[in-house]
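Novice: I would like to see how this sequence folds:
(chains A, B, C and D)
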2 protein chains.
Amino acid sequence: MSKSTISNSVIRRLPRYYRFLGELEHNGYIRISSRELSEKMGLTASQIRQDFNCFGEFGQQGYGYNVSDLRFEIGKILGLDTLTPMILLGAGNLGKAIATHIDFHNKGFDLIGAFDVNPDIIGKDLGGLKVKSIEEVGTFCAENKPVAAILCVPMTSAEKLVNTLIECGIKAFWNFTHYDLKVLHKGIVVENVHLGDSLTTLSYGLNNLESNNK
Amino acid sequence: MSKSTISNSVIRRLPRYYRFLGELEHNGYIRISSRELSEKMGLTASQIRQDFNCFGEFGQQGYGYNVSDLRFEIGKILGLDTLTPMILLGAGNLGKAIATHIDFHNKGFDLIGAFDVNPDIIGKDLGGLKVKSIEEVGTFCAENKPVAAILCVPMTSAEKLVNTLIECGIKAFWNFTHYDLKVLHKGIVVENVHLGDSLTTLSYGLNNLESNNK
DNA sequence: AATACTTTGTTTAATTCTTGACAAACTGAC
DNA sequence: GTCAGTTTGTCAAGAATTAAACAAAGTATT
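Specialist: I've put the predicted structure just below:
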């Protein structure tokens, strides 16, 4: 039986399970036990079994888990079985890199539009999309109903842009600005990506190597 | 007095503290209490006080914390008071975006070299650096002694490249490949950035909006 | 079919992390 | 200088997370 509330810790591990299962499937694995998966992923078998059991009973005693089935189930849980239309705001260096680097279809999204303020960028091609002026975003949303948005704009313009986008019906934000986007309204989800914080963490790790005996 | 071992949860919050304190300082704040900071950051005051106390007593009863001093101290803890020489491996779309988007000096690093395999990219300028052939990385490291590396290469070439780099004296990896870089050797630190996992998490959040009453 | 082995789902225990509480210490106004 | 108010550092309680343990249910081999 599936739990009513899933803890955040479990949720943050799900994409990684999904990724590893994909690799296993790719490598021809038909079945896998929690013990073997735990060794590959650097977790405990107990944690893996408990994580999966939050959502249902996907395994079988004495056998383990069917890789393909399990991956499919976790994919469903993650909402990867449907494609959510998504737009990109800010098609500069970072926006362009994200748009071309990410396999959106495998993450449950479909990138259907890209917008910028810079006249030099507007009109240019970006992975098959023609970058539009950000002034067109209202009409575009009315017509194409995107539900998610990638924010690759400067921090200063982020806050008001977000409000506009929420009015346009955007419900999910993948935020790359140097700014902590708070979940203001109900029914809005935000994923803040702080690349700078990640690099800062690396600096800490490097400077505390001696003290870490790992 | 400072604790002997700092928990991972605390460490992951440090960059965010540092960032917020920078904003506060920028906005003219001289002092701040744990209560006020907690409101701004969406944490509890208790947690903030306990986090800071892992490293020392930076505050004063009845007054709070001096913003600038506290930021400086956390910066020191994070190793931001020295610049670690860093190189970029893979100067494609993503590598280029990272190199130009990140303020390395404010994160404790100095980007001193960029490498790629693609002849079309080699020789091109990248934020003031001329992209070199990846075959030159050995001699470059011998001469310039970089300690950290950004991995923006395809997953397939990552593993052997890492081994080469470790032999060249690289101790810290900021890994953007779709591949979980394990810390094989002692004295090596890794920060895996999985942008795909982040987007997948957003998909989950979007698909479970109804059930979340947040 | 019986038996030895494997592995799950689940319960219980241990550990880690977070929050609440409060004395001690300081500020600032009078 | 005194006193009311504020806020830290710290301890202890509470919550959440992780790990261990084990019965039940399967597999596989003979």
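Novice: going by C-alpha atoms from here, please, whenever you check contacts or count neighbours.
Specialist: OK.
Novice: select the longest helix from chain A.
Specialist: Longest helix in chain A by number of residues (criterion: DSSP state H): helix A:8-26.
Novice: for the residue nearest the centre of chain A, which non-adjacent residue is closest in space?
Specialist: Taking CA atoms, centre = their mean, the centroid of chain A lies closest to A:Lys107, which sits 6.7 Å from it. Computed as CA to CA, 6 or more residues apart in numbering or on different chains, the closest residue to A:Lys107 that is not its neighbour in sequence is B:Thr200, at 5.3 Å.
Novice: swap in A:Tyr18?
Specialist: A:Arg71 (5.8 Å).
Novice: need the residues of chain A near DNA strand D, please.
Specialist: Applying CA under 7 Å from any atom of the strand, one finds that chain A approaches DNA strand D through A:7-10, A:43-44, A:46-47, A:60-63.
Novice: can you redo those as a markdown table with distance to B:Ser133 and pLDDT?
Specialist: As requested, the residues of chain A next to DNA strand D are exported to a markdown table (distance: CA to CA, whole Å; pLDDT from 0 to 100):
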| residue | distance to B:Ser133 | pLDDT |
| --- | --- | --- |
| A:Ser7 | 46 | 96 |
| A:Asn8 | 43 | 95 |
| A:Ser9 | 41 | 97 |
| A:Val10 | 42 | 98 |
| A:Leu43 | 38 | 97 |
| A:Thr44 | 42 | 98 |
| A:Ser46 | 46 | 98 |
| A:Gln47 | 44 | 98 |
| A:Gln60 | 51 | 95 |
| A:Gln61 | 53 | 95 |
| A:Gly62 | 52 | 95 |
| A:Tyr63 | 49 | 96 |
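Novice: can you tell me which of these is closest to A:Asn192?
Specialist: Closest approach to A:Asn192 among the residues of chain A next to DNA strand D (CA to CA): A:Asn8, at 14.9 Å.
Novice: what's around that closest one, how many residues?
Specialist: If you count neighbours by other CA atoms under 10 Å in any protein chain shown, A:Asn8 ends up with 8.
Novice: what's the worst-scoring helix or strand of chain A on mean pLDDT packed up against?
Specialist: When the helices and strands of chain A are compared on mean pLDDT, DSSP states H and E, helix A:155-167 comes out lowest with a mean of 92. Identification of packing neighbours for helix A:155-167 by 3 or more CA pairs under 8 Å, 6 or more residues apart in numbering or on different chains; DSSP states H and E yields no helix or strand.
Novice: so what touches that helix?
Specialist: A:151, A:177-179, A:181 (CA atoms under 8 Å, 6 or more residues apart in numbering or on different chains).
Novice: ok, the very next helix or strand once past it: who's next to it in the sheet?
Specialist: Next in sequence after helix A:155-167, counting helices and strands by DSSP states H and E, comes strand A:172-175. Strand A:172-175 has its sheet partners listed here by DSSP bridges as strand A:148-151 (parallel), strand A:189-192 (parallel).
Novice: comparing those strands, which comes out most buried?
Specialist: Among the strands paired with strand A:172-175, strand A:148-151 has the highest mean neighbour count (mean count of other CA atoms under 10 Å in any protein chain shown), at a mean of 25.
Novice: give me the element A:Ile87 is part of.
Specialist: Using DSSP H and E, A:Ile87 falls in strand A:84-89.
Novice: name the residues of the host helix or strand of A:Val137 that come out as buried.
Specialist: Assessed by DSSP H and E, A:Val137 sits inside helix A:137-144. For helix A:137-144, the neighbour count (16 or more other CA atoms under 10 Å in any protein chain shown) marks A:137, A:140-141 as buried.
Novice: check stretch A:66-81 too.
Specialist: By neighbour count on 16+ other CA under 10 Å, the buried set for stretch A:66-81 is A:66-68, A:70-75, A:77-81.
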